[in-house]
Structure formats: C-alpha cells, structure tokens
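Participant: Got a sequence here, can you build the structure:
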Amino acid sequence: MLKQRVITALVLVALSIWALFYSTDSVWKGVLLFIGFIAAWEWSAFAQIKIPALRLTYALVVVVGANYAVDHLIMQNIAILTLLESLILISVVSRYQLAKGLSQGSSVGFTLLTGILSIVLFVVAMAQFRGEFGPLILLLSLLLVWSIDTGAFFSGKRFGKTKLAVHVSPGKTWEGVVGGGLLTLIISLIVLYSLQPTLKIPMVFLGLLLTLIALFSVFGDLFESVLKRQVGLKDSGNILPGHGGILDRIDSLLIAVPMLYLAWHYSVAV
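Facilitator: You can find the predicted model right below:
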C-alpha cells in the first residue's frame, strides 16, 4: 500500500509540475477541465447517483460551465461566489457537528448545485491565478495549504488532545490545526520575503491573511468528510491508487484556491 501511494504521488508531482510550468494556456485549461470532469463524476456519488449516464451528464454540465466561466467570470463574480461557498461550508459542517453526526443528509439538488459551484470556481481560479501571477506564485500558494496538512499531522500526532470536529473527522485536533497554522505562517513570510512583491498592504498582514486562508481550507476537507459520511463512502473514488479519488486530493483546495487568488489580486500593486 505504501509503495503504491509513493509511486502515485511521484507521478502526480511530475505531471503537475509539467502542466503548471511548461504547458500552454490552452493545455493548462484542458488539464483543469479534465480534473473538473473527474471531480464532478465523483461528486455525483455524494448525491447517490448511480446510473452512469446521469453521472456522465452531470460531469459534462460542470465541464461546460467551467469552460464558459474561465473566459467570462470577472473578479467581482469570483469574490461573491467564494463568499457563498464559504458560507455553505461553514453551515453544513457546523450543523453536522452540532447534530453529533445525526443530521439528515443534504438534498440531491443542494449537493449537486454545491458541486457545480465548488468545482467550477476551483477551475476558474486555478486558470486565472496562473494567468495573472504565473506558475511559481500559484505553486507557492498551494504549498501553504499543503503545509497546513503537514504541520497539523505532526503536531497533532505529538500534542493532539482536543478534537476539532469529532463527529466529522475524529482524527483532527485543535493542537494539530495550531501547529499547521504556525508552520504555514513561517512559510508564508519566507515566501513573501523571497519574492519581494510590490504590495498595497504590509507584508506581515498579507502573510497572516494567507495563513488564515490556509487554515480555513480545513473546512473544505471537513465538508467533503460530511458528504462522504452522509452516504457511507470512505473515499470519493479510486482513480488514484493508494490515494482514493481526485476530490480526496483537492478537497481543501476547492475553497482555498479562490480565496488565495483573491488575496493576491487585491494585495499586489499593479
């Protein structure tokens, strides 16, 4: 199992680096749409849609919507939709936790619409982020979200006692989140100091903002956990050997990437 995970991870890293740094804009967009298609196919399982034709139709609707949105969605739209997605995540996760895991599952319509919102917004933000700031800043921003997971894992393993949301994800602890946040803050300040961008706001403030966004990305992970628990799924899919599905790998990024893009867009002086 470990060997399988390592091999899959190495292949994913190689493909991601190539697509991010060496692909043309049209190829990059195609890669994102492909990821969106797989993510939408997996998301349809959260609504307990089992007929392949219906799952395919849903995935195609998401891809067509994302393809249009990449070229037509303006920054104000992205900001409004990001706020809407954030409120949905907070509401669903909090309700499930407060109900001690006994709340009724979300309706089919709500689940499918939330999937369209999350996946389309992710594809749009990834495409426009790379186009506006380049692959390096996008990669370093993604690194901040991954550092939350890394820091939370090790600090949670060493110091974790207080459960974060026991009915949603029993393994997560507040100590882990704090440890992940500290690691992310340090990395964000190092990144900003190295890049020396021309900012509209103080560098320390932007570092704190990026860290808070990375911390909020935990809600993306928790939200997917709620959706999986409501339908009895362990993983979102099995397309990635040893890692589960695409959504299992990008759940935190679905909300974090639009937020990070907005933070950079409104903080960097043109």
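Participant: Where does the prediction get shaky in the stretch 151-270 of the chain?
Facilitator: 241-243, 270 (pLDDT under 70).
Participant: Tell me where it has strands.
Facilitator: 163-165, 169-173 (DSSP state E, counting those that start in this stretch).
Participant: And those: which comes nearest residue 54?
Facilitator: For the strands of the stretch 151-270 of the chain, distance to residue 54 was read as CB to CB. The smallest value, 29.2 Å, belongs to strand 169-173. The way it works is simple: take the backbone N, C-alpha and C, and place the C-beta from them, glycine included.
Participant: counting contacts, what elements does that closest one pack onto?
Facilitator: helix 108-159, strand 163-165, helix 218-231 (3 or more CB pairs under 8 Å, 6 or more residues apart in numbering; DSSP states H and E).
Participant: Dump that strand to PDB, keeping only the CA atoms.
Facilitator: Only the C-alpha atoms of strand 169-173 are listed here, as PDB (Å, rounded to 0.1, in the frame of the first residue of the first chain):
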ATOM      1  CA  SER A 169     -13.300  13.900  11.300                       C
ATOM      2  CA  PRO A 170     -12.300  12.200  14.500                       C
ATOM      3  CA  GLY A 171      -8.600  12.400  13.700                       C
ATOM      4  CA  LYS A 172      -8.300  16.200  13.600                       C
ATOM      5  CA  THR A 173      -7.300  18.100  16.700                       C
END
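Participant: how big is the angle separating it from helix 218-231?
Facilitator: 160 degrees (axes from the mean of the first three to the mean of the last three CA atoms, to 10 degrees).
Participant: how about strand 169-173: buried residues?
Facilitator: By neighbour count with 16 or more other CB atoms under 10 Å, strand 169-173 contains the buried residues 169, 172, 173.
Participant: correct me, but residue 210 touches residue 260?
Facilitator: Yes. Residue 210 is within contact range of residue 260, at 6.8 Å (criterion: CB atoms under 8 Å).
Participant: Spell out which residues are contacts of both of these two.
Facilitator: Shared contacts of residue 210 and residue 260 (CB atoms under 8 Å, 6 or more residues apart in numbering): 141, 144.
Participant: before we move on, the earlier item: rebuild the strands of the stretch 151-270 of the chain as TSV, extending it with distance to residue 179.
Facilitator: Listed next are the strands of the stretch 151-270 of the chain as TSV, based on distance: least, CB to CB, whole Å:
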stretch	distance to residue 179
strand 163-165	12
strand 169-173	9
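Participant: Residue 233 is nearest to which of these?
Facilitator: Counting by CB to CB, residue 233 lies closest to strand 169-173 out of these; the figure is 13.8 Å.
Participant: Paired strands for that closest one, with orientation please.
Facilitator: With DSSP bridges as the test, strand 169-173 is paired with strand 163-165 (antiparallel).
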